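A.B. asks: let's see this in three dimensions:
(one chain, ligands or ions: 1)
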Amino acid sequence: MSSFVAHTLVGGVIGQRVAPTVAGIAVGVVFALLPDIDYALLWLRGEGFSMRWTHSVSFVVLAAGTMLWRRELFLIALLSGLSHLAMDTLVGVHRNPLLWPLMDRGLASPIGLLPSAGRLDPTNFYFWRNLLIEMGILLPLLAAMRAHGGLRIAALLVAGAFVVWSLSLAR
Ligand SMILES: [Zn+2]
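C.D. replies: Numbers count the residues shown, from 1 in each chain. You can find the predicted model right below:
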């Protein structure tokens, strides 16, 4: 899985780009985090789902459907939810049932472009290292969306360097 920091960042940017309002950004953040609601249940109740069906396209579409009353918020919810699935898939560690209920088998990327978030523990070295790599990829990519010319190329090179670091890590 990607970190909650990365999901929050990407969801917020999606919301800001589609509808630059507090509501747009808030919907982006909430729906970018929503597939990990199974973790919240695990932490609160000590039990989770045997299958992570919240990490499926069908769950994301159904959840985004609650925003159909405003077209731009529906679009933000849908894109943010799908961004969560894409980012978790790019980690390439855990299989997620992306096509549930059509296919129970989980799918994962054969290569891990993003590092796994690691155990959420401030004393866990790998959490901080992987968060650094994740931000080293995402922040320059997001900056490149706004930059032009040499700045855009520099931002993409920085992101590329962090991708190379990520790819070099054991999975
Ligand atoms: Zn997730």
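
A.B. asks: switch to C-alpha atoms for all contacts and neighbour counts from now on
C.D. replies: OK.

A.B. asks: who are the neighbours in contact with Leu75?
C.D. replies: Counting by Cα atoms under 8 Å, 6 or more residues apart in numbering, Leu75 makes contact with Val18, Ala64.

A.B. asks: quickly find the element holding it.
C.D. replies: Assigned by DSSP states H and E, Leu75 belongs to helix 71-91.

A.B. asks: do you know the pLDDT at Leu120?
C.D. replies: In this model, Leu120 is scored at 74, pLDDT.

A.B. asks: next, it: secondary structure please.
C.D. replies: coil (DSSP: H, G, I helix; E, B strand; the rest coil).

A.B. asks: could you check how far it is from Phe127?
C.D. replies: Relative to Phe127, Leu120 is positioned 6 Å away (criterion: Cα to Cα, to the nearest Å).

A.B. asks: neighbour-wise, which of those two wins?
C.D. replies: Phe127 (18 against 12; other Cα atoms under 10 Å).

A.B. asks: quick one: mean pLDDT for the helix or strand encompassing that one?
C.D. replies: Element membership of Phe127 [criterion: DSSP H and E] is helix 125-146. The average pLDDT within helix 125-146 is 92.

A.B. asks: that older thread, just give me how far the helix holding Leu75 sits from the chain centre.
C.D. replies: Here helix 71-91 shows a centroid-to-chain-centroid distance of 8 Å under the convention Cα atoms, centre = their mean, to the nearest Å.

A.B. asks: quick one, that helix and helix 125-146 angle?
C.D. replies: Interaxial angle of helix 71-91 relative to helix 125-146 (axes from the mean of the first three to the mean of the last three Cα atoms, to 10 degrees): 130 degrees.
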